[in-house]
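Chemist: here is my input; please provide its structure:
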Amino acid sequence: MSKRELVLRALHQQQVERVPVGFWFHFITNEEELRQPVPAVIERNIAGHQAFIADFQPDFVKLMSDGFFYYPNDQIAQAKTIDDLKNIQSIGKDHTWIQQQVDLVKQQKEQFVEDIAAFYNIFAPATYFKWQLAGGEAQFADFLLENPDLTKQVLAVIAEDIAYLVTAILSQTDIDGIYLSVQNVQDPRISSDAYAQLVRSSDLLVLKAANTVSANNILHICGYEGATNDLSLYQDYPSAAVNWAVGPEELSLAEGKELFERTVIGGFDNTVNSVLYQGNQTDIQHTAQALLEEAGETGVILGADCTVPSDIPLEYLQWVREVTYQKAASTSDNY
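Modeler: The predicted structure is shown next:
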C-alpha cells in the first residue's frame, strides 16, 4: 500500500503493514517571522518542506503554517481591555490571510514526490487570540476573568474565521486533514471548568468545520515549553487521532488509547534533553520498540510530543522508522 494509505488506515484504527512514523519541524525559527507572511518567509517555508521530503521521504507531512501565526484582526492587537472588543468583527471568508494559506498549501503539496498524507497546522482560536495581545497569556486570562461572556463572544468570532480558513484549505486543496493545536490556559486563575464553559465551544466550532470536509483530522494537545493540560477536557473532541506530550502529561501511548478511544500519535519527547535528540541508535531504537510493545501496532503512529529541534539529524528519525519495518518483517515471518 502507499504511504498515504498506510497512514489513513492507521488513523482509522485499521490493520496496517507497519506502524507509520511522523516527525515535523518548523522551517522558520525567528518568532517574528513566524507571524508575518512576507514573501521571503513563505519561500523558506516551501523550500524547507521540499528539502525535508526529499531527504527523509516521510510517511506523512504536517504542513507548517510558518509565516501565518498572526491572525490579522487589528481590533485585538489594539485592545487594552476586553471592553475594547465589544464590537469586534470577523475578518471575513475572503480575507487575503485565508487565500494566502490556501496558496501556501498548494505550493507545499507540489513538493511531494510520492503518495503521502498531509495535514495542515491550525491553532485554536484562543491561541490566535492570546498571541495578538501585548500581555499574552496573562492578559487573555485577565479578559476571561473581567468579562467571561464577552471574551467567549470574541473567541466565537475568531473561531468563525478559523472555520472559514479550515474549510477553504480542505475544500480547495487535496490535503487529507488539519492538525489542530489546542492548549489549556496556562494561568492558574483559569480552571478546567472555566475552560470548558468559555473556551471549549470555539475549539469545537473549528473541529466541526474540519470534520464536515474531512474525516482525517488530528487533535494536538500542546505541551510546548513545559505547558501542562487537563487532558480530560479533550476526551470527547471529535478527531481521528490525538497527539499529546506523553512525559509531561504523565500519560503513556497505551493509556492514551484507553482515554481517547482512537488512534494515538507520538511517544517520544521532542526536547533537546530527550533520547531522540541525545541518544545513540541503540537507545532510540530500544525506546521505539518499547513503545510498540506497550501500545501495540494498531491505532498507533510513532512520533514526538510536538515539533522536534531543527538541528536533529534525520538519521535519528530514520532509526525509529527502521524499528517499524523490523517489526513488520518479524510479524510476517511468523505466518
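
Chemist: quick one: the strands in the stretch 51-200 of the chain?
Modeler: Shown for the stretch 51-200 of the chain, the strands assigned by DSSP state E, counting those that start in this stretch span residues 60-63, 117-123, 177-182.

Chemist: mind putting those into JSON lines with distance to residue 264 and mean pLDDT?
Modeler: Using the backbone N, CA and C atoms, a C-beta is placed for each residue, glycine as well. Shown next, in JSON lines, are the strands of the stretch 51-200 of the chain (distance: least, Cβ to Cβ, whole Å; pLDDT from 0 to 100):
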{"stretch": "strand 60-63", "distance to residue 264": "15", "mean pLDDT": "98"}
{"stretch": "strand 117-123", "distance to residue 264": "15", "mean pLDDT": "98"}
{"stretch": "strand 177-182", "distance to residue 264": "14", "mean pLDDT": "98"}
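
Chemist: a markdown table for those, including mean neighbour count?
Modeler: A markdown table is the format used below for those (neighbours: other Cβ atoms under 10 Å):
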| stretch | mean neighbour count |
| --- | --- |
| strand 60-63 | 24 |
| strand 117-123 | 25 |
| strand 177-182 | 25 |
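
Chemist: how about the ones you listed in JSON lines, adding distance to residue 291?
Modeler: Formatted as JSON lines, the strands of the stretch 51-200 of the chain follow (distance: least, Cβ to Cβ, whole Å):
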{"stretch": "strand 60-63", "distance to residue 291": "18"}
{"stretch": "strand 117-123", "distance to residue 291": "21"}
{"stretch": "strand 177-182", "distance to residue 291": "20"}
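
Chemist: residue 77 is nearest to which of those?
Modeler: Residue 77 sits nearest to strand 117-123 of all these, at 16.0 Å, using Cβ to Cβ.

Chemist: got the angle between the closest one and strand 177-182?
Modeler: 30 degrees (axes from the mean of the first three to the mean of the last three Cα atoms, to 10 degrees).

Chemist: what packs against strand 117-123?
Modeler: Counting contacts by 3 or more Cβ pairs under 8 Å, 6 or more residues apart in numbering; DSSP states H and E, strand 117-123 is packed against helix 3-11, strand 60-63, helix 96-109, helix 148-172, strand 177-182.
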